[in-house]
Structures are given as C-alpha cells and as structure tokens.
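> sequence and predicted structure, then a few things I'm wondering about:
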Amino acid sequence: MDCRAHRQTHEQTRIKNRGCTPSKAFLAAAHAAGRARQAKALGIHADVQVDFPEVMKRVRSIRDSFNQGVQKGLHDAGVTVVCAEASFTGERTVTGGDRTVQAPLVVINTGTSSLIPNIPGLADTPYLTNRNFFDLKELPPRLLVIGAGYIGLELGQGLARLGSDTHLIVRGDRVLNHEEPDVSEVLAQALQRDGIHLHFHVNTEKVMHADGIFTLNLDNGQELQGEALLIVVGRKPNTQALNVAATGVELDEKGFVKIDQQFRTTCEGVYAIGDVADQPAFTHVSWEDYRRLKAILCGENRTRSDRVLGYAVYTEPQVGRVGMTIESAQKKGINARCVTLPMAHIARAIEWGHDLGFYRMVIDNDTDKILGATLVGYETAELVHVFLSLMEAGATWQLLEQSVHIHPTYGEALPSLARLLVGDEMPSCPNM
Ligand SMILES: Cc1cc2nc3c(=O)[nH]c(=O)nc-3n(C[C@H](O)[C@H](O)[C@H](O)COP(=O)(O)OP(=O)(O)OC[C@H]3O[C@@H](n4cnc5c(N)ncnc54)[C@H](O)[C@@H]3O)c2cc1C
Ligand SMILES: NC(=O)c1ccc[n+]([C@@H]2O[C@H](COP(=O)([O-])OP(=O)(O)OC[C@H]3O[C@@H](n4cnc5c(N)ncnc54)[C@H](O)[C@@H]3O)[C@@H](O)[C@H]2O)c1
C-alpha cells in the first residue's frame with residue numbers, strides 16, 4: 001500500500017489544502033490586477049474592479065477540484081482512507097479514530113503548521129494563518145502582516161494587489177532574508193510600488209482586537225491598525241500529536257523527525273519524508289521524496305541528496321532559484337564565481353516594461369560546471385528550469401554560452417549571461 005498517499009488523502013477528505021494550490025490560484029487573480037494597473041506604463045489605463053468574493057470562490061473551487069481528483073485516484077486504487085488524527089500506540093502501530101493498524105512499513109509525512117509567536121494578546125484574537133486565509137469572504141480594507149518570508153510576501157502582495165492597504169512588519173533589515181541581499185532589495189522595491197508599507201527593525205509588543213479591528217503596538221512606539229492580521233513567521237513540524245516515542249522514532253531539537261540519507265528514522269521499518277523530516281519545504285520535494293523512497297524500497301541505490309532542487313517565490317517579480325549561491329559555494333570551499341545581468345540589459349524586459357530584477361549564475365572555476373542560479377524577474381519560476389536541466393545533466397557554462405536562444409525572449413538573456421564569463425560586454429539593448 002502507498003502509505004504516503006493513504007495518509008495525505010485521509011486528511012484532505014476532512015480538511016482543505018492550505019498551501020501551494022490555493023495560494024497560486026489566489027495570486028493569479030492578484031497579479032492580474034497588479035499587471036492591469038502597471039499597464040499604465042505602457043499607455044494602457046485600466047479601471048480595475050476587484051470582485052473579492054468571486055476571486056475567493058474560484059480559489060476554493062480549484063482547491064476542491066484538486067482534492068476530489070486525489071480522492072478519486074485513491075479510491076480507484078483501492079486505498080482505505082481513515083479520517084482521524086494519527087498517533088503511534090506501539091512499535092509500527094498507528095491509531096487514528098477507532099482504527100489501529102500495525103504494519104511492517106510506516107511512512108511519516110505529517111508536514112508542518114504555522115509557528116505562532118508569543119506576542120501578548122495575540123492568542124485570543126482571530127488572526128489569520130495559511131489555515132484560514134483561503135476562507136476569507138471579504139477583502140480586509142487594511143491588512144497587517146507579521147513576517148516577511150515566502151508566505152508573508154506572496155499573500156501580503158496578493159491582498160495588496162487586490163486592494164488591501166497592507167503593512168508588512170519585518171523583524172530584521174530586509175524582506176525574504178533567506179535569499180541574497182540584492183534579491184531582498186528588488187522585492188522591497190516591488191512591494192513599495194504596490195503601495196505596501198514596510199516596517200524594518202521592529203517587533204510587535206502587543207496585539208489587541210476590538211470591534212473587528214486589530215491594533216498592534218510596535219517596539220518603535222508606532223501603533224498600527226487593520227481589519228485583518230496575518231501571522232507568517234515560519235513553520236513547526238507536526239510531530240506533537242504523533243507520540244513517536246511509542247515506536248522509537250527520535251526527533252531533533254526542533255521537533256523534526258530525524259532521518260538518514262535513505263529516509264530511515266531511528267525505528268526500523270519507519271520512514272519519514274517531506275517537511276516533517278526537515279526536507280526543503282516545497283511540494284515538489286515532498287513528492288520527489290515519495291518517489292525516491294519508493295525507489296529505495298524497491299532496491300535502487302538512491303539517496304535524498306542526489307538531486308538538483310529548485311524553487312520559486314511567486315511574488316511579482318518572481319524569484320527562481322536553483323543550487324548554490326556564490327556565498328554558499330564559497331563557504332563550501334569551492335573556487336566559485338558568479339556573473340549577473342541586470343534587467344535593464346535584457347531587450348525583452350525593456351519591451352515589456354519590466355525594469356526590476358536580474359539574472360545570476362554561479363559556476364565552478366575548476367570544473368566549469370554550473371553550480372546555481374538566481375533569476376529575479378517576470379515568470380522566472382519557468383525560466384529557472386533551463387538551469388535546473390543543465391545542472392541535472394552536469395553541463396558546463398560553456399554549453400549555455402554557445403547556445404543560440406530565440407530573440408526576443410527572456411531566455412535569450414541566459415547565453416548573454418554566460419558570455420559575460422568570456423569577457424563579453426553587458427548587452428546594450430536592443431542589439432543583444
Ligand atoms: C501558503 C503556502 C504556500 C506554499 N506555496 C508553495 C509553492 O508555491 N510551492 C511549493 O513547492 N511549496 C509551497 N508551499 C510549501 C508546501 O505546501 C509544503 O512544503 C508541502 O505541502 C509539504 O508537503 P508534506 O507532504 O511534507 O506535508 P503537508 O502537505 O503539510 O501534509 C501533511 C498532512 O498531514 C496531516 N497531519 C499532520 N499531523 C497528522 C496526524 N497526527 N495524523 C494525521 N494527519 C496528520 C496534515 O493535516 C496535512 O494534511 C507553501 C506552503 C504554504 C503554507
Ligand atoms: N513559493 C513557494 O514555494 C513557497 C511559498 C510559501 C511557503 N513556502 C514554504 O513554506 C516555508 C515557510 O514559509 P514562511 O513564510 O512561514 O517562513 P519563512 O521562514 O520563509 O519566513 C518567516 C519570516 O518571519 C520572520 N520572523 C520570525 N519570527 C518573527 C517574529 N516574531 N516577528 C516578525 N518576523 C518574524 C523570519 O525572520 C522570516 O523572515 C518556506 O520556508 C517555504 O519553504 C514555499
């Protein structure tokens with residue numbers, strides 16, 4: 001039996017997806033509104049009317065149709081789905097609701113949930129997380145967001161583009177602090193263009209909620225108010241309810257399930273995959289963990305590390321990332337260097353009026369192999385796959401340098417980026 005699919009669908013029959021699918025359907029509407037407004041730079045003046053209930057109805061209907069598709073697939077495959085919170089009650093023995101199952105093979109794949117900061121007053125308020133965000137029926141006129149990582153930026157920019165007056169509370173000195181500093185700078189500029197207020201170097205000291213209004217007291221003396229408060233300060237593993245000690249599974253100091261290179265936990269026959277095992281927290285990683293574990297269990301010699309992983313942030317502009325940054329490569333002692341091509345040197349970007357962003361590639365000077373890429377710009381979540389495939393194939397940067405890409409495209413800028421390594425000048429548009 002496919003244990004992973006069994007568990008995941010059991011939850012989905014009871015609750016809804018709260019991550020990629022609804023957020024990306026939601027952002028489709030938000031970015032349509034944002035692009036329509038930004039078209040004024042092209043001489044197009046659109047009067048944008050947002051029907052928020054209709055936007056969210058569509059989001060929920062896409063989410064429901066995805067859920068139904070998964071449920072049908074499991075039903076057709078003869079999988080029994082148990083809708084209950086599961087916990088271990090013995091070695092490789094799981095109890096959920098009124099069912100107890102003992103199996104030679106158990107896969108833990110329980111993901112993460114929102115981390116809730118310990119801010120006085122917060123716990124008693126109807127704040128939003130990704131759990132209830134997609135159930136919103138009305139557009140909050142004012143939105144307060146605590147946390148400026150992946151979720152804060154995507155959902156914060158999304159609601160701002162749909163019309164909420166949005167404040168982003170940033171603890172440190174930059175948004176998206178897991179990325180390179182110039183990525184953060186571009187994103188901050190983009191968010192400000194959308195009218196988002198960024199508050200850097202601040203902490204929230206107190207939260208109050210009265211008459212439908214949240215009031216935040218910041219440690220710089222400022223007070224902010226809004227009809228909605230979104231808490232997005234990171235994730236914690238869903239291991240509290242699991243009682244993994246009953247099966248001899250160890251957790252790390254943050255509560256994630258400890259695994260080895262083959263997804264084995266500390267209990268024989270029990271494996272863990274996805275976010276709960278502290279794998280990079282992305283859906284494609286969780287799915288690939290599952291495929292990989294299946295291959296390992298069928299006797300293939302695979303590990304959880306022998307793969308190139310990419311990801312994207314679906315703000316506008318997007319961030320498409322794969323492999324190492326120059327900093328991470330140098331920290332590993334690799335003789336690495338990087339080249340960067342700003343948007344202003346890309347003909348397609350000028351034609352389309354996209355001025356924010358850059359393309360960057362990191363290479364190994366000793367082997368000429370491509371080590372990583374950071375692409376910030378229009379739909380770079382798509383374009384970054386060029387690097388992903390080159391890296392998966394173990395290609396050198398010269399292969400990209402010699403490639404002839406179609407003019408005028410964003411893709412055409414990738415060989416131009418590689419040609420910076422042979423001393424070519426920055427392309428001066430429009431003659432790339
Ligand atoms: C708002 C948001 C947007 C995101 N956008 C993207 C994106 O665009 N692209 C991307 O790649 N990733 C995205 N992610 C991350 C992605 O959703 C996760 O990395 C991915 O879902 C992890 O998959 P998983 O299988 O490990 O766990 P999950 O998808 O979290 O599934 C775990 C399931 O186990 C259930 N569960 C937990 N405990 C128990 C228990 N004791 N018994 C039974 N069931 C239990 C949970 O309820 C849940 O249904 C996003 C996340 C969020 C929150
Ligand atoms: N496009 C995607 O693939 C996508 C989208 C959303 C989420 N995700 C996944 O979900 C994970 C979780 O996302 P996230 O945004 O919750 O976490 P995150 O770690 O990306 O961001 C959390 C941010 O909150 C800040 N923070 C922490 N405590 C704070 C506090 N008390 N006050 C103010 N700020 C505080 C952190 O410094 C950080 O910048 C991501 O790591 C990512 O892997 C992926």
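Looks like it arrived, so ask away. Just so it is clear, the model here is predicted, and its values are computed rather than measured. Ligands and ions are numbered 1, 2, ... in the order given.
> for the rest of this, base every contact and every neighbour count on C-alpha atoms.
Noted.
> can you report how many residues lie near the closest residue to ligand 2 within the stretch 301-432 of the chain?
Of all residues in the stretch 301-432 of the chain, V313 sits closest to ligand 2, at 4.0 Å by C-alpha to the nearest ligand atom. Using other C-alpha atoms under 10 Å, V313 has 20 other residues around it.
> now it, which residues is it bridged with?
V319 (DSSP bridges).
> quick one: contacts for P237?
110-113, 254-256, 275-276 (C-alpha atoms under 8 Å, 6 or more residues apart in numbering).
> let's see it at 7 Å
111-113, 255-256, 276 (C-alpha atoms under 7 Å, 6 or more residues apart in numbering).
> cool, L356 as well?
186, 343, 377.
> I'd say the second one and G353 touch.
No - proximity of M343 to G353 does not meet the contact threshold set by C-alpha atoms under 7 Å, at 10.0 Å.
> and the residue nearest to L414 when sequence neighbours are not counted, what element?
Setting aside the residues directly before and after it, L414 is nearest to L400 in space (C-alpha to C-alpha, 6 or more residues apart in numbering), at 7.2 Å. For L400, the host element (DSSP states H and E) is helix 397-402.
> now the helix or strand following that helix, how far from the centre of its chain.
Using DSSP H and E, the helix or strand that follows helix 397-402 in sequence is helix 413-419. Centroid displacement of helix 413-419 relative to its chain, using C-alpha atoms, centre = their mean, to the nearest Å, is 27 Å.
> with stretch 325-334 instead?
That offset, for stretch 325-334, works out to 23 Å (C-alpha atoms, centre = their mean).
> and it, end to end?
End-to-end span of stretch 325-334 (C-alpha to C-alpha, to the nearest Å): 11 Å.
> the closest residue to ligand 2 within the stretch 1-150 of the chain: neighbour count?
Nearest residue of the stretch 1-150 of the chain to ligand 2 (C-alpha to the nearest ligand atom) works out as G149 at 3.2 Å. Neighbour count of G149, defined by other C-alpha under 10 Å: 19.
> where does the stretch 101-250 of the chain dip in pLDDT?
By pLDDT under 70, the stretch 101-250 of the chain has no low-scoring segment.
> any chance you could note which residues of it sit beside ligand 2?
The stretch 101-250 of the chain comes close to ligand 2 at residues 117, 146-152, 170-171, 176-177, 203, 232-235, as judged by C-alpha under 6 Å from any ligand atom.
> now those residues: which count as buried?
Among these, the ones that count as buried by 16 or more other C-alpha atoms under 10 Å are 146-152, 170-171, 176, 203, 232-234.
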